[in-house]
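Chemist: need the 3D shape of this:
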Amino acid sequence: MAETEKVALVTGGGRGMGEAIARELHAQGYRLALMSPSESCEKLAAELGGVASRGVAEKGEDIQAVFDLAMETYGRIDAVVNHTGHPPKGDLLDITDENWTLGSDMMILSLVRMARLATPVMLKQGKGAFVNITTFAAYEPSLAFPVSCTYRAAAGAFTKLYSDRYAADNIRMNCILPGFIDSLDHKPGTADKVPMKRVGHVEEIAKTAAFLLSDGAGYITGQNIRVDGGITRHV
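Modeler: Residues are numbered from 1 along each chain as shown. I've put the predicted structure just below:
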């Protein structure tokens, strides 16, 4: 692999926003290592000339496997996109300990584990960038998504702590907080809640992620970037 080629590792990189991000990064010249629970990551990697490993974000051994695959294949990692599915839902106090723990593993420990692996590589390279995909509801919590809101907010806190720790080493970490995006089927009337009167497109999330990973965003770190059509109200 040429020294000038960049490598991106994308979890949840088989469908939806993860797929769109992988396609956008490929278009911008990144070599790809993808992970998802199904064969979708393998099919996409084959199409885009990358490599893939099936796995889920909540399992440390799966994160280790895709990291090892990226390093064995390319010898470097320039960008990491942490993207995962939705954790269990339920009435606030009916959610079991096991489901709270699953949410923590999916949305917090996955970030920590990936950072432990990729940070030494980026330190050696002299730069690197992470983007964590969370949710617009992280800071305006909804009772419809108790586990997600709780741990996505924690992901934002971890992102700030990490960015403070490694900013001087030229390693950046930011979060994207998507609103209602067309990767999911939304109930009729959902778009009416959004000031822009439409749901967002996965390509819009992808282009935001690619920008945050690029040198053009070289002075942006520790931020929670809302890509939600204006639905959140806090300023």
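
Chemist: buried sites along stretch 121-135?
Modeler: Neighbour counts using 16 or more other CB atoms under 10 Å place 121-122, 128-135 of stretch 121-135 among the buried residues. All C-beta atoms are positioned from the backbone trio N, CA, C, and that covers glycine.

Chemist: kindly apply the preceding question to stretch 102-118 instead.
Modeler: Buried residues in stretch 102-118, counted by 16+ other CB under 10 Å: 102-111, 113-115, 117-118.

Chemist: and which of the residues you listed is nearest to Asn174?
Modeler: For the buried residues of stretch 102-118, the residue nearest Asn174 by CB to CB is Leu111; the value is 12.1 Å.

Chemist: the lengthiest helix in the chain packs against which elements?
Modeler: Longest helix in the chain, counting residues (DSSP state H): helix 146-166. Judged by 3 or more CB pairs under 8 Å, 6 or more residues apart in numbering; DSSP states H and E, the packing partners of helix 146-166 are helix 97-104, helix 110-125, strand 128-133, strand 171-178.

Chemist: and those: which comes nearest Asn82?
Modeler: Asn82 lies closest to strand 128-133 among these, at 4.6 Å (CB to CB).

Chemist: can you show me the strands along the protein?
Modeler: 6-11, 30-36, 51-54, 79-82, 128-133, 171-178, 224-227 (DSSP state E).

Chemist: export those to JSON lines and tack on distance to Lys187 and mean pLDDT?
Modeler: JSON lines is the format used below for the strands of the chain (distance: least, CB to CB, whole Å; pLDDT from 0 to 100):
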{"stretch": "strand 6-11", "distance to Lys187": "28", "mean pLDDT": "98"}
{"stretch": "strand 30-36", "distance to Lys187": "26", "mean pLDDT": "98"}
{"stretch": "strand 51-54", "distance to Lys187": "31", "mean pLDDT": "98"}
{"stretch": "strand 79-82", "distance to Lys187": "28", "mean pLDDT": "98"}
{"stretch": "strand 128-133", "distance to Lys187": "22", "mean pLDDT": "98"}
{"stretch": "strand 171-178", "distance to Lys187": "17", "mean pLDDT": "98"}
{"stretch": "strand 224-227", "distance to Lys187": "20", "mean pLDDT": "97"}
